[in-house]
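Engineer: Sharing a sequence plus its predicted fold:
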Amino acid sequence: MEFEDRVSANPNRVLIAPESGDAFYATVVRADNPEKVGTPLTADTFNEMMAVLRIPVMSATLI
């Protein structure tokens, strides 16, 4: 399995659909002022992790 990053035409855009009526689009901006950003959840990060965890497949012959 190889992970791929999501590619979108409108990153961070969400559709807000209130139960009461008219839906509208909004852009979500993180405003939490992180003291430490942390590890990004990207395809590269997951693919590197998979490479480290991968156990080689051994061929076996049935008797």
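Structural biologist: Alright, I've got the coordinates.

Engineer: ok, which stretches of the protein are strands?
Structural biologist: 13-16, 24-27 (DSSP state E).

Engineer: Dump those strands into a markdown table; add distance to Asn47 as well.
Structural biologist: Just so you know, the C-beta spots here come from the backbone N, C-alpha and C atoms, and that holds for glycine as well. Converted to a markdown table, those look like this (distance: least, Cβ to Cβ, whole Å):
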| stretch | distance to Asn47 |
| --- | --- |
| strand 13-16 | 26 |
| strand 24-27 | 29 |
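
Engineer: Same list (those strands) but as JSON lines, adding mean pLDDT, distance to Ala43 and mean neighbour count.
Structural biologist: Formatted as JSON lines, the strands of the chain follow (pLDDT from 0 to 100; distance: least, Cβ to Cβ, whole Å; neighbours: other Cβ atoms under 10 Å):
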{"stretch": "strand 13-16", "mean pLDDT": "94", "distance to Ala43": "21", "mean neighbour count": "10"}
{"stretch": "strand 24-27", "mean pLDDT": "94", "distance to Ala43": "23", "mean neighbour count": "9"}
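
Engineer: what's the closest of those strands to Thr45?
Structural biologist: strand 13-16 (23.3 Å; Cβ to Cβ).

Engineer: Tally up the residues packed near Met50, please.
Structural biologist: The number of residues packed near Met50 is 12, by other Cβ atoms under 10 Å.

Engineer: Would you state the helices of the protein in chain order?
Structural biologist: 43-53 (DSSP state H).

Engineer: Show me how far the helix-or-strand element of the chain with minimal mean pLDDT is from its chain's centre.
Structural biologist: Every helix and strand in the chain was compared by mean pLDDT, DSSP states H and E; the lowest is helix 43-53, with a mean of 88. Chain-centre distance of helix 43-53: 13 Å, with Cα atoms, centre = their mean, to the nearest Å.

Engineer: hang on, the earlier thing: which among the strands of the chain is found nearest to Glu2?
Structural biologist: Across the strands of the chain, closest to Glu2 is strand 13-16 (Cβ to Cβ), at 26.7 Å.

Engineer: I am finished for the moment; much appreciated.
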